[in-house]
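In: My questions are about this predicted structure, shown below with the sequence.
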Amino acid sequence: MAGTKNEFDRDVVIVGGGASGLSAALFLSRYGLDALVFDRGTSAIEQCYCIENYLGLLGIRPETFLELGREHVRYEGGDVEDDMVVEVARLNASDEGSKDSNSLGGFRVSTQDGRDVTTRFVLAATAYDGDYLAELADGEFHDGGDHPVEADESGRTEIDGLYVAGWLSGGPHQVSIAAGHGGRVAKSLIEDLRKSRGYWDEVAQFWDWRVEVDKYGGDEWEGHVDDWIDGTIPDEEISAERIERVKAEIKEERLDFEISAAEREARLEASRELLREKLFEE
Ligand SMILES: Cc1cc2nc3c(=O)[nH]c(=O)nc-3n(C[C@H](O)[C@H](O)[C@H](O)COP(=O)(O)OP(=O)(O)OC[C@H]3O[C@@H](n4cnc5c(N)ncnc54)[C@H](O)[C@@H]3O)c2cc1C
(Lines give C-alpha, C1' and ligand atoms only; values in the text may rest on other atoms or scores of the structure.)
Protein backbone atom coordinates (compact mmCIF):
# COMPACT_ATOMS: atom_id res chain seq x y z
CA MET A 1 0.00 0.00 0.00
CA ALA A 2 1.49 3.35 -1.00
CA GLY A 3 2.63 5.79 1.64
CA THR A 4 2.09 9.53 1.79
CA LYS A 5 5.24 10.67 0.02
CA ASN A 6 3.54 12.82 -2.59
CA GLU A 7 2.71 15.28 0.15
CA PHE A 8 5.76 15.05 2.39
CA ASP A 9 9.50 14.41 2.31
CA ARG A 10 8.95 11.26 4.37
CA ASP A 11 6.02 9.12 5.43
CA VAL A 12 7.30 8.82 8.96
CA VAL A 13 10.12 10.19 11.06
CA ILE A 14 11.11 8.17 14.09
CA VAL A 15 12.86 10.17 16.77
CA GLY A 16 15.24 7.96 18.73
CA GLY A 17 17.08 4.83 17.68
CA GLY A 18 16.99 2.64 20.76
CA ALA A 19 15.19 -0.70 20.84
CA SER A 20 11.75 0.89 20.59
CA GLY A 21 12.49 3.34 17.76
CA LEU A 22 14.44 0.82 15.69
CA SER A 23 11.81 -1.87 16.10
CA ALA A 24 9.12 0.60 15.07
CA ALA A 25 11.20 1.66 12.05
CA LEU A 26 11.58 -1.98 11.06
CA PHE A 27 7.83 -2.60 10.96
CA LEU A 28 7.10 0.69 9.23
CA SER A 29 9.74 0.10 6.55
CA ARG A 30 8.53 -3.43 5.95
CA TYR A 31 5.07 -2.01 5.35
CA GLY A 32 6.56 0.09 2.57
CA LEU A 33 6.55 3.42 4.34
CA ASP A 34 9.49 5.73 3.77
CA ALA A 35 10.87 5.81 7.29
CA LEU A 36 13.72 7.90 8.66
CA VAL A 37 15.19 7.45 12.13
CA PHE A 38 17.04 10.36 13.70
CA ASP A 39 19.20 9.17 16.56
CA ARG A 40 21.83 11.08 18.46
CA GLY A 41 22.88 10.75 22.05
CA THR A 42 23.12 7.78 24.36
CA SER A 43 20.58 5.00 24.61
CA ALA A 44 19.63 3.96 28.14
CA ILE A 45 20.89 0.47 27.36
CA GLU A 46 24.42 1.76 26.80
CA GLN A 47 24.64 2.10 30.58
CA CYS A 48 24.34 -1.67 30.78
CA TYR A 49 27.56 -3.71 30.67
CA CYS A 50 26.07 -6.79 29.03
CA ILE A 51 22.50 -7.52 27.91
CA GLU A 52 21.64 -10.99 29.18
CA ASN A 53 17.85 -11.04 28.99
CA TYR A 54 17.02 -10.65 25.30
CA LEU A 55 15.37 -13.83 24.07
CA GLY A 56 17.85 -15.98 22.18
CA LEU A 57 20.91 -13.92 23.04
CA LEU A 58 22.81 -15.25 26.04
CA GLY A 59 24.85 -12.09 26.23
CA ILE A 60 25.46 -9.19 23.89
CA ARG A 61 27.20 -5.84 24.16
CA PRO A 62 24.61 -3.03 24.03
CA GLU A 63 26.49 -1.29 21.19
CA THR A 64 26.36 -4.49 19.11
CA PHE A 65 22.68 -4.93 19.88
CA LEU A 66 21.91 -1.42 18.65
CA GLU A 67 24.12 -1.82 15.57
CA LEU A 68 22.28 -5.02 14.63
CA GLY A 69 19.00 -3.14 14.94
CA ARG A 70 20.21 -0.29 12.74
CA GLU A 71 21.43 -2.70 10.08
CA HIS A 72 18.11 -4.55 10.11
CA VAL A 73 16.21 -1.30 9.57
CA ARG A 74 18.51 -0.41 6.67
CA TYR A 75 18.08 -3.86 5.16
CA GLU A 76 14.32 -3.23 5.09
CA GLY A 77 14.82 0.08 3.30
CA GLY A 78 14.65 2.49 6.24
CA ASP A 79 17.22 5.20 6.91
CA VAL A 80 19.00 5.78 10.20
CA GLU A 81 20.82 9.08 10.55
CA ASP A 82 22.96 10.52 13.28
CA ASP A 83 21.24 13.79 14.14
CA MET A 84 19.26 15.20 17.05
CA VAL A 85 15.71 16.42 16.67
CA VAL A 86 15.28 19.83 18.29
CA GLU A 87 11.69 20.58 17.32
CA VAL A 88 8.60 18.93 15.89
CA ALA A 89 6.00 21.45 14.69
CA ARG A 90 2.73 20.99 12.89
CA LEU A 91 2.60 21.97 9.27
CA ASN A 92 -0.10 24.40 8.29
CA ALA A 93 -1.46 25.63 4.96
CA SER A 94 0.98 28.54 4.76
CA ASP A 95 4.01 26.41 5.60
CA GLU A 96 6.44 26.29 2.71
CA GLY A 97 7.53 22.83 3.82
CA SER A 98 4.20 21.40 2.71
CA LYS A 99 4.67 20.49 -0.91
CA ASP A 100 1.06 20.00 -1.80
CA SER A 101 -2.28 20.26 -0.03
CA ASN A 102 -2.37 20.11 3.74
CA SER A 103 -5.13 17.55 3.74
CA LEU A 104 -3.08 15.00 5.63
CA GLY A 105 -1.83 17.31 8.39
CA GLY A 106 1.75 16.41 9.02
CA PHE A 107 4.78 17.82 10.78
CA ARG A 108 8.04 19.60 10.20
CA VAL A 109 10.93 17.96 12.04
CA SER A 110 13.95 20.21 12.67
CA THR A 111 17.34 18.92 13.68
CA GLN A 112 20.48 20.11 15.42
CA ASP A 113 22.40 19.92 12.14
CA GLY A 114 19.93 22.28 10.48
CA ARG A 115 17.74 19.86 8.58
CA ASP A 116 14.00 20.41 8.11
CA VAL A 117 12.06 17.31 7.09
CA THR A 118 8.31 17.24 6.45
CA THR A 119 6.50 14.06 7.37
CA ARG A 120 2.95 12.74 7.72
CA PHE A 121 3.72 10.84 10.93
CA VAL A 122 6.11 11.23 13.83
CA LEU A 123 6.92 8.39 16.17
CA ALA A 124 8.73 9.58 19.29
CA ALA A 125 10.96 7.01 21.00
CA THR A 126 13.53 9.02 22.90
CA ALA A 127 13.21 7.54 26.41
CA TYR A 128 13.93 10.57 28.60
CA ASP A 129 13.80 13.52 26.21
CA GLY A 130 10.50 14.99 25.02
CA ASP A 131 11.41 18.68 24.88
CA TYR A 132 11.30 18.76 21.08
CA LEU A 133 7.55 18.01 21.29
CA ALA A 134 6.70 20.97 23.52
CA GLU A 135 5.55 23.25 20.71
CA LEU A 136 2.88 20.83 19.57
CA ALA A 137 0.44 21.78 22.31
CA ASP A 138 1.61 25.23 23.28
CA GLY A 139 3.95 23.72 25.82
CA GLU A 140 1.18 21.96 27.75
CA PHE A 141 1.84 18.62 26.17
CA HIS A 142 5.20 18.29 27.82
CA ASP A 143 5.14 18.54 31.59
CA GLY A 144 8.81 18.02 32.25
CA GLY A 145 8.55 14.59 33.88
CA ASP A 146 10.60 11.51 33.06
CA HIS A 147 7.91 10.28 30.68
CA PRO A 148 6.47 13.54 29.43
CA VAL A 149 4.26 12.40 26.62
CA GLU A 150 0.72 11.25 27.22
CA ALA A 151 -0.04 8.21 25.09
CA ASP A 152 -2.29 5.21 25.44
CA GLU A 153 -0.87 1.68 25.50
CA SER A 154 -0.99 1.46 21.75
CA GLY A 155 1.19 4.58 21.49
CA ARG A 156 -1.53 6.84 20.14
CA THR A 157 -1.60 10.42 21.41
CA GLU A 158 -4.22 13.15 21.31
CA ILE A 159 -2.33 14.67 18.38
CA ASP A 160 -3.24 13.17 15.02
CA GLY A 161 -0.19 11.58 13.45
CA LEU A 162 1.96 11.60 16.60
CA TYR A 163 2.79 8.28 18.27
CA VAL A 164 5.01 7.46 21.26
CA ALA A 165 6.91 4.25 21.91
CA GLY A 166 9.15 2.66 24.51
CA TRP A 167 10.27 4.22 27.72
CA LEU A 168 9.07 7.68 26.64
CA SER A 169 5.50 6.39 26.79
CA GLY A 170 5.96 5.43 30.43
CA GLY A 171 5.97 1.71 29.65
CA PRO A 172 7.98 -0.88 31.56
CA HIS A 173 11.78 -1.11 31.32
CA GLN A 174 13.93 -3.69 29.50
CA VAL A 175 14.95 -3.79 25.87
CA SER A 176 12.79 -6.72 24.79
CA ILE A 177 9.74 -4.87 26.09
CA ALA A 178 10.84 -1.64 24.38
CA ALA A 179 11.35 -3.53 21.10
CA GLY A 180 7.95 -5.20 21.42
CA HIS A 181 6.31 -1.89 22.20
CA GLY A 182 7.99 -0.21 19.22
CA GLY A 183 6.51 -2.91 17.00
CA ARG A 184 3.11 -2.52 18.58
CA VAL A 185 3.09 1.25 18.14
CA ALA A 186 4.23 0.94 14.53
CA LYS A 187 1.31 -1.40 13.96
CA SER A 188 -1.07 1.17 15.53
CA LEU A 189 0.19 3.73 13.04
CA ILE A 190 -0.20 1.32 10.13
CA GLU A 191 -3.67 0.32 11.31
CA ASP A 192 -4.68 3.97 11.43
CA LEU A 193 -3.33 4.48 7.93
CA ARG A 194 -5.23 1.44 6.66
CA LYS A 195 -8.41 2.60 8.35
CA SER A 196 -8.04 5.98 6.66
CA ARG A 197 -8.08 4.03 3.40
CA GLY A 198 -11.34 2.25 4.10
CA TYR A 199 -10.25 -0.82 6.08
CA TRP A 200 -12.09 -1.72 9.27
CA ASP A 201 -10.51 -2.86 12.57
CA GLU A 202 -10.19 -6.59 12.01
CA VAL A 203 -8.76 -6.42 8.50
CA ALA A 204 -6.64 -3.35 9.27
CA GLN A 205 -4.50 -5.15 11.83
CA PHE A 206 -3.40 -8.32 10.03
CA TRP A 207 -0.29 -8.11 7.89
CA ASP A 208 3.42 -8.98 7.80
CA TRP A 209 4.25 -12.65 7.74
CA ARG A 210 5.83 -15.05 5.28
CA VAL A 211 4.64 -18.28 3.72
CA GLU A 212 6.12 -20.46 1.03
CA VAL A 213 5.20 -19.99 -2.62
CA ASP A 214 1.88 -21.56 -3.67
CA LYS A 215 0.50 -21.76 -0.16
CA TYR A 216 -1.92 -19.03 -1.16
CA GLY A 217 -3.88 -18.47 -4.37
CA GLY A 218 -6.53 -20.46 -6.21
CA ASP A 219 -10.30 -20.53 -5.91
CA GLU A 220 -10.48 -22.39 -2.61
CA TRP A 221 -8.05 -19.99 -0.92
CA GLU A 222 -9.88 -16.98 -2.35
CA GLY A 223 -13.11 -18.42 -0.97
CA HIS A 224 -11.55 -18.72 2.51
CA VAL A 225 -10.32 -15.14 2.39
CA ASP A 226 -13.73 -13.91 1.24
CA ASP A 227 -15.43 -15.83 4.06
CA TRP A 228 -12.99 -14.46 6.63
CA ILE A 229 -13.48 -10.90 5.44
CA ASP A 230 -17.27 -11.29 5.33
CA GLY A 231 -17.12 -12.44 8.97
CA THR A 232 -15.23 -9.32 10.03
CA ILE A 233 -17.52 -6.69 8.53
CA PRO A 234 -18.76 -4.44 11.34
CA ASP A 235 -22.40 -3.49 11.87
CA GLU A 236 -21.92 -0.05 10.38
CA GLU A 237 -23.00 0.28 6.77
CA ILE A 238 -20.20 -0.56 4.38
CA SER A 239 -20.80 -0.43 0.66
CA ALA A 240 -20.51 -3.57 -1.47
CA GLU A 241 -17.97 -1.71 -3.60
CA ARG A 242 -15.75 -1.02 -0.58
CA ILE A 243 -15.97 -4.64 0.56
CA GLU A 244 -14.95 -5.86 -2.88
CA ARG A 245 -12.03 -3.43 -3.00
CA VAL A 246 -10.79 -4.52 0.44
CA LYS A 247 -11.11 -8.19 -0.53
CA ALA A 248 -9.11 -7.65 -3.70
CA GLU A 249 -6.40 -5.68 -1.87
CA ILE A 250 -6.12 -8.17 0.99
CA LYS A 251 -5.69 -11.04 -1.47
CA GLU A 252 -3.01 -9.16 -3.37
CA GLU A 253 -1.25 -8.29 -0.11
CA ARG A 254 -1.29 -11.91 1.07
CA LEU A 255 0.05 -13.19 -2.20
CA ASP A 256 2.96 -10.81 -1.64
CA PHE A 257 3.63 -12.59 1.67
CA GLU A 258 4.78 -15.63 -0.32
CA ILE A 259 8.51 -16.08 -0.72
CA SER A 260 10.43 -18.63 -2.72
CA ALA A 261 13.04 -20.99 -1.29
CA ALA A 262 15.70 -18.82 -2.95
CA GLU A 263 14.34 -15.64 -1.35
CA ARG A 264 14.27 -17.33 2.03
CA GLU A 265 17.83 -18.55 1.64
CA ALA A 266 19.01 -15.10 0.58
CA ARG A 267 17.53 -13.60 3.71
CA LEU A 268 18.94 -16.32 5.95
CA GLU A 269 22.36 -15.78 4.41
CA ALA A 270 22.11 -12.01 4.89
CA SER A 271 21.26 -12.70 8.50
CA ARG A 272 24.24 -15.03 8.94
CA GLU A 273 26.52 -12.49 7.31
CA LEU A 274 25.33 -9.71 9.61
CA LEU A 275 25.74 -11.86 12.71
CA ARG A 276 29.20 -12.96 11.58
CA GLU A 277 30.22 -9.35 11.03
CA LYS A 278 28.68 -7.80 14.13
CA LEU A 279 28.42 -10.56 16.70
CA PHE A 280 30.82 -13.41 16.07
CA GLU A 281 33.83 -11.29 15.27
CA GLU A 282 33.66 -8.87 18.15
C1 LIG B 1 21.80 1.24 33.98
C2 LIG B 1 20.79 0.54 33.13
C3 LIG B 1 20.94 -0.80 32.85
C4 LIG B 1 19.99 -1.47 32.09
N5 LIG B 1 20.16 -2.78 31.86
C6 LIG B 1 19.27 -3.46 31.13
C7 LIG B 1 19.46 -4.85 30.84
O8 LIG B 1 20.45 -5.47 31.26
N9 LIG B 1 18.52 -5.48 30.09
C10 LIG B 1 17.42 -4.84 29.61
O11 LIG B 1 16.61 -5.44 28.93
N12 LIG B 1 17.21 -3.51 29.85
C13 LIG B 1 18.10 -2.82 30.60
N14 LIG B 1 17.90 -1.48 30.86
C15 LIG B 1 16.65 -0.84 30.35
C16 LIG B 1 16.78 -0.44 28.89
O17 LIG B 1 17.93 0.32 28.71
C18 LIG B 1 15.54 0.36 28.46
O19 LIG B 1 14.36 -0.32 28.81
C20 LIG B 1 15.55 0.57 26.93
O21 LIG B 1 16.80 1.06 26.51
C22 LIG B 1 14.46 1.54 26.54
O23 LIG B 1 14.48 1.62 25.14
P24 LIG B 1 13.96 2.93 24.39
O25 LIG B 1 14.06 2.65 22.94
O26 LIG B 1 12.64 3.34 24.93
O27 LIG B 1 15.00 4.09 24.81
P28 LIG B 1 16.57 4.22 24.49
O29 LIG B 1 17.20 2.89 24.32
O30 LIG B 1 17.15 5.11 25.55
O31 LIG B 1 16.64 4.96 23.08
C32 LIG B 1 16.35 6.32 22.95
C33 LIG B 1 17.28 6.88 21.88
O34 LIG B 1 16.84 8.18 21.51
C35 LIG B 1 17.97 9.03 21.34
N36 LIG B 1 17.51 10.40 21.47
C37 LIG B 1 17.08 11.04 22.58
N38 LIG B 1 16.66 12.29 22.29
C39 LIG B 1 16.80 12.43 20.95
C40 LIG B 1 16.50 13.48 20.04
N41 LIG B 1 15.96 14.64 20.45
N42 LIG B 1 16.78 13.30 18.73
C43 LIG B 1 17.33 12.13 18.29
N44 LIG B 1 17.62 11.10 19.11
C45 LIG B 1 17.36 11.25 20.43
C46 LIG B 1 18.92 8.55 22.43
O47 LIG B 1 20.23 8.94 22.19
C48 LIG B 1 18.72 7.04 22.36
O49 LIG B 1 19.60 6.46 21.42
C50 LIG B 1 18.86 -0.78 31.60
C51 LIG B 1 18.72 0.58 31.83
C52 LIG B 1 19.67 1.24 32.58
C53 LIG B 1 19.50 2.72 32.83
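Out: Happy to help now that I have it.

In: hang on, residue 177 in a helix?
Out: Yes - assessed with DSSP: H, G, I helix; E, B strand; the rest coil, residue 177 lies in a helix.

In: so it touches residue 171, yeah?
Out: Yes - using C-beta atoms under 8 Å, residue 177 makes contact with residue 171 at a distance of 6.6 Å. Every C-beta, even on glycine, is put in place using the N, C-alpha and C of the backbone.

In: out of the two, which sits in the more crowded spot?
Out: For residue 177 versus residue 171, neighbours defined as other C-beta atoms under 10 Å are more numerous around residue 171 (21 against 15).

In: What residues does the stretch 1-150 of the chain have near the ligand?
Out: Contact residues (C-beta under 6 Å from any ligand atom) of the stretch 1-150 of the chain with the ligand: 15-21, 38-45, 47-48, 51, 53, 84-85, 125-127, 129, 132.

In: got the buried residues for stretch 111-118?
Out: 111, 117, 118 (16 or more other C-beta atoms under 10 Å).

In: what's the first-to-last distance across that stretch?
Out: 12 Å (C-alpha to C-alpha, to the nearest Å).

In: Residues in contact with that stretch: which ones?
Out: Contact with stretch 111-118 is made by 8-10, 13, 36, 38, 40, 83-86, 91, 97-99, 106-110, as judged by C-beta atoms under 8 Å, 6 or more residues apart in numbering.

In: what mean pLDDT does that stretch have?
Out: Stretch 111-118 shows a mean pLDDT of 98 in the predicted model.

In: sorry, back to before: list the ones among the residues of the stretch 1-150 of the chain next to the ligand that fall in helices.
Out: 19, 20, 21 (DSSP state H).

In: so where's the stretch 101-250 of the chain uncertain?
Out: Residue ranges of the stretch 101-250 of the chain with pLDDT under 70: 101-104, 137-149.

In: what ranges do the strands span in it?
Out: For the stretch 101-250 of the chain, applying DSSP state E, counting those that start in this stretch gives strands covering 107-111, 116-124, 162-164, 211-212.

In: Of the ones you listed, which stretch is the most buried?
Out: strand 162-164 (a mean of 27; mean count of other C-beta atoms under 10 Å).
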